[in-house]
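Q: Just to be clear, the model below is a prediction. Sequence and coordinates:
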Amino acid sequence: MGLPELHEFHFVIGHSMRIRMEKLDVWGNVHNISGIIVKILLLLVPVIKREHDWGKQRKSRYEYVSPDPNEKREHAHAYLPENLYRKLKLIHHDLNFFSMGQIVRFFIRVFFKLVDEYKEDVLKELERMYKEWEKEVKDGRLTLRQYMRQLRIVVQHLRPRKRIITVYDHRFMPFWRLRL
């Protein structure tokens, strides 16, 4: 059993963001920037998924590293687990972000807003939100009977010679092709 694959990710952050991350006292024993960034992103995986599913297109617009043009920029390295890196890469592609560093800074700012609002209860609040989102997904899921009814309606309206149905997965990628 080997170690998990890690992707070294390099990007730029503002000095104030770095200082604020170092002052976070949410995890206790994590003190390096890479570990803090990875912890924040892993904690926000459901938020990342929700942003991927429902987020708006960014139209590849450049966003400044910091609102203050005189603030010092610093290089940051984060050793991201491969599956987390792939999720960020998909968001970069699907939501048309200018850069992946912009995505990471966006989620760090989201986390800071949550910390500002909920203080030391941020982890409890995130857990509550995630349970609520799971319930929404579960309540909105179609039953097998509803899927079959939908499929029957689609099949009835296909032209006689074009009787191919493509089933897509949750990322809108072809999953299964049916030839009728």
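A: On my side now, so go ahead.
Q: Quickly find the element holding the residue lying closest to K49 once chain neighbours are set aside.
A: Nearest non-adjacent residue to K49, counting by Cβ to Cβ, 6 or more residues apart in numbering: K87, 7.4 Å away. C-beta here means a position set from N, CA and C on the backbone, and glycine is covered the same way. Using DSSP states H and E, K87 falls within helix 82-94.
Q: Am I right that the residue nearest to K49 is in contact with H52?
A: Yes. Using Cβ atoms under 8 Å, K87 is in contact with H52, at 7.2 Å.
Q: Backbone dihedrals for the closest residue to R73 other than its chain neighbours, please?
A: Closest residue to R73 apart from its sequence neighbours, by Cβ to Cβ, 6+ apart: V12 at 5.0 Å. Here is the backbone geometry of V12 (degrees, to the nearest 10): phi -120, psi 140.
Q: and V12, what pLDDT?
A: pLDDT recorded at V12 is 94.
Q: ok, so what distance separates the residue nearest the centre of the chain from F107?
A: Nearest to the mean C-alpha position of the chain, by Cα atoms, centre = their mean, lies I48 at 2.1 Å. Going from I48 to F107 by Cβ to Cβ, to the nearest Å gives 7 Å.
Q: which residues of the chain fall in helices?
A: Assigned by DSSP state H, the chain shows helices spanning 15-23, 33-43, 45-54, 82-94, 100-118, 122-140, 144-156.
Q: what's the closest of those helices to D68?
A: Using Cβ to Cβ as the measure, helix 15-23 is the one of the helices of the chain that comes nearest D68, at 7.8 Å.
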